[in-house]
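> sequence unknown, structure follows:
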């Protein structure tokens, strides 16, 4: 197994854990300030986590696309 693959996996896992913690804390902050219950708090946490996770995946796809384009340019 390539060590870079392992580093990337652990980096992604660490970011996902950080995003989950951030989403939970922010949703608790919103729900406590507005006196909402547990269900809206969970829905907000899921929405925040999904947004952050999609942004992370989008960044990785764009970076991969740009890298592949530069590889094609340098081959020629």
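In hand now; what should we look at? As the structure is a prediction and not an experimental result, all values here were calculated from the model.

> How about the secondary structure of the closest residue to residue 48 other than its chain neighbours?
For residue 48, ignoring the flanking residues on the chain, the nearest one in space by CB to CB, 6 or more residues apart in numbering is residue 23 at 3.9 Å. The way it works is simple: take the backbone N, C-alpha and C, and place the C-beta from them, glycine included. Per DSSP: H, G, I helix; E, B strand; the rest coil, the secondary structure class of residue 23 is helix.

> neighbours around residue 71, how many?
Here the number of neighbours of residue 71 (other CB atoms under 10 Å) works out to 9.

> do residue 70 as well
One way to gauge burial is a neighbour count; for residue 70, by other CB under 10 Å, it gives 10.

> same check, this time on residue 53
Count around residue 53 with other CB under 10 Å applied: 16.

> Quick check, it in contact with residue 17.
No - at 11.5 Å, residue 53 does not count as touching residue 17 under the criterion of CB atoms under 8 Å.

> how about the one helix or strand residue 54 maps to: buried residues?
With elements delineated by DSSP states H and E, residue 54 resides in helix 38-75, which encompasses its position. Neighbour-count burial for helix 38-75 flags 41, 44-45, 48-49, 52-53 (criterion: 16 or more other CB atoms under 10 Å).

> Can you add pLDDT and give these back as TSV?
Compiled in TSV, the buried residues of helix 38-75 are given as follows (pLDDT from 0 to 100):
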residue	pLDDT
41	95
44	95
45	96
48	96
49	96
52	94
53	93
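
> Among those residues, which one sits closest to residue 35?
Nearest to residue 35 among the buried residues of helix 38-75 is residue 41, at 11.0 Å by CB to CB.
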